[in-house]
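In: Just the structure for this:
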Amino acid sequence: MTSDAPAVPDPLQPLDENWQRGLAVVAHPDDLEFGAAAAIARWTAQGKEIVYCLLTSGEAGIDGMDPAEAGPLREEEQRESARIVGVSQVDFLGLPDGVLEYGVPLRREITRVIRKYKPEVVITGSFRDSWDPEGENLNMSDHIVTGRAVLDAARDAGNRWVFREQIEEEGLERWGGVAQVWASGSFRAKHGVDTTATFDLGVRSLEAHAAYLRGLGSGDFDAEEFLEGFARQTGTRLGTRYGAIFEVFKLGLL
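Out: Coordinates of the predicted model:
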């Protein structure tokens, strides 16, 4: 006899929080705020140091606004969003929004940032082809490209013979201290973190992207409602009220 009851998702393992320095690398302003920001607020409250690196300024993300106007505005919104969750250092690499390409040049850019800030954990977004195992909700190219390049750059940073000009000419040092890369929002995630105490900060962080959110759909996007649905699902699997989900890629010991 078979049951028609829906399958119960497997419980999530808590993330290891025995680290001090983190670096978040994503493609666009708002990428971190759609799920990871509440977790980042938790970690900064623990005294951890986290830096944001945005590959683009999101200048192609608002249909009704020229990129020359949208880019600076979205940078301003991202800095305020980061401030809300306790992040003061926000770097923009100025790469072209919407047309990021995976390859050696992108790996070089991200490796440089990793060697500069020397994180123990690197956070990015899901780079799976879709947001669901059925493949119905497709991810976008910039996210896929970014995540793949982040994972490779985290290894590149520890090899003195890869992008050696950064060491020999730019004064950086090789950095092999990235123990793990965490991809937020992946349907293949087996780990999560309790964000019950910082959920409201995550909502405020997303709401700080006001110009971008106004351009979504009918313009009545509800940040709290959107985030709560996912946070509750993750919290159920963690045994908490709210949570954030991450796919873990281990590069070292942590």
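
In: ok, the nearest residue to E77 once chain neighbours are set aside - contacts?
Out: Leaving out its chain neighbours, the residue that sits closest to E77 by Cβ to Cβ, 6 or more residues apart in numbering is H209, at 4.9 Å. Bear in mind the C-beta positions are built from the backbone N, C-alpha and C, glycine included. Counting by Cβ atoms under 8 Å, 6 or more residues apart in numbering, H209 makes contact with 29-30, 33, 74, 77-78, 81.

In: Go through those and single out the one with the most neighbours.
Out: Within the contacts of H209, most neighbours by other Cβ atoms under 10 Å means P29, with 32 neighbours.

In: which phi and psi does it have?
Out: Main-chain torsions, P29, degrees, to the nearest 10: phi -60, psi 140.

In: Buried residues, the longest helix anywhere in the chain. List them.
Out: Longest helix in the chain by number of residues (criterion: DSSP state H): helix 67-84. Buried residues in helix 67-84, counted by 16 or more other Cβ atoms under 10 Å: 67, 70-71, 73-75, 77-82, 84.

In: Next secondary structure after it?
Out: Remark: after helix 67-84, the chain's next helix or strand is strand 90-92, criterion DSSP states H and E.

In: Pull out the buried positions in that following strand.
Out: Quick answer for strand 90-92 (16+ other Cβ under 10 Å): 90, 92.

In: Include distance to A157 and pLDDT when you put the contacts of H209 into CSV, please.
Out: Output for these, formatted as CSV (distance: Cβ to Cβ, whole Å; pLDDT from 0 to 100):
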residue, distance to A157, pLDDT
P29, 24, 97
D30, 26, 94
E33, 26, 97
R74, 27, 97
E77, 29, 97
Q78, 24, 98
S81, 26, 98
